[in-house]
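In: pasting a predicted model and its sequence here:
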Amino acid sequence: MKKIILITGGQRSGKSSEAERMALSLSDCPVYVATAHIWDEEFRERVRKHQERRGPQWTNIEEERELSRHDVTGRVVLIDCCTLWATNYFSPTPVHFDQSQKSPEGEELPDVDSALKALQAEFDRFTQQDATFIFVTNEIGMGGVSANAVQRRFTDLLGWFNQYVAQQADEVFLMVSGIRMKIKG
């Protein structure tokens, strides 16, 4: 039976650890979908340590954008994380980039509406499968408003996407200082 769970919170609030515990409580062999784009060696090492920590019972999939390409029917799937996944749709590409919009510094700004629609459509395709999905995301909009136009646009994108996922979710948890609080379901 399909189920969608969202775990949200600030950086280092315990989201990923809680999601991993939850996945292992539901399956002896869960799937871990990593959405990060590896930009440098420091990040590559971080990914390696995470994979090592999880152990061999996990099926690891690295997929930056098209999660629906992977058949996870009947599995428990942890997607870590929506923030990095959204970044991959937000990055300046011909599909998600409006050339007419510029920041005060003259930089071209990503088209948030196009990125959000594409991300929501891919979320819908992926979650059509009969599986248990555990999505991890960050609450980046709880701090101050950035002076940087690109950062403000990304905060908008992630906030709206988080709302979309939470609406679809059967359960939503907020992590604060390593403590899990159920806020939906």
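Out: Cool, got the structure.
In: quick check: closest non-adjacent residue to the residue sitting nearest the centre point of the chain.
Out: Relative to the mean C-alpha position of the chain, the nearest C-alpha, by C-alpha atoms, centre = their mean, is the one of Cys82, at 1.0 Å. Of all residues not flanking Cys82 in the chain, Thr137 sits nearest, at 3.7 Å (C-beta to C-beta, 6 or more residues apart in numbering). In short, each C-beta sits where N, CA and C put it, glycine included.
In: follow-up on the earlier one: tell me who's in contact with the residue nearest to the centre of the chain.
Out: Thr35, Phe135, Val136, Thr137, Asn138, Leu158, Phe161, Asn162, Val165 (C-beta atoms under 8 Å, 6 or more residues apart in numbering).
In: rewinding a little: pretty sure the residue nearest to Cys82 contacts Leu6?
Out: Yes - with contacts counted by C-beta atoms under 8 Å, Thr137 reaches Leu6, the gap being 6.7 Å.
In: and Met175, what are its bridge partners?
Out: Beta bridges link Met175 to Gly9, Arg180, judged by DSSP bridges.
In: residue ranges of the strands in this protein, please?
Out: 3-9, 31-34, 59-62, 76-80, 97-102, 108-110, 132-136, 171-176, 179-184 (DSSP state E).
In: please identify which of those is closest to Gln151.
Out: strand 108-110 (10.7 Å; C-beta to C-beta).
In: quick one, helices of this protein?
Out: Here the chain has its helices, by DSSP state H, at 15-26, 41-54, 82-90, 112-126, 149-168.
In: and for the second one, what's in contact with it?
Out: Residues external to helix 41-54 that are found in contact with it (C-beta under 8 Å, 6+ apart): Ser16, Glu20, Tyr32, Ala34, Ala36, Ile38, Trp58, Asn60.
In: just the closest of these to Gln128, please.
Out: For the contacts of helix 41-54, the nearest to Gln128 is Tyr32 (20.2 Å; C-beta to C-beta).
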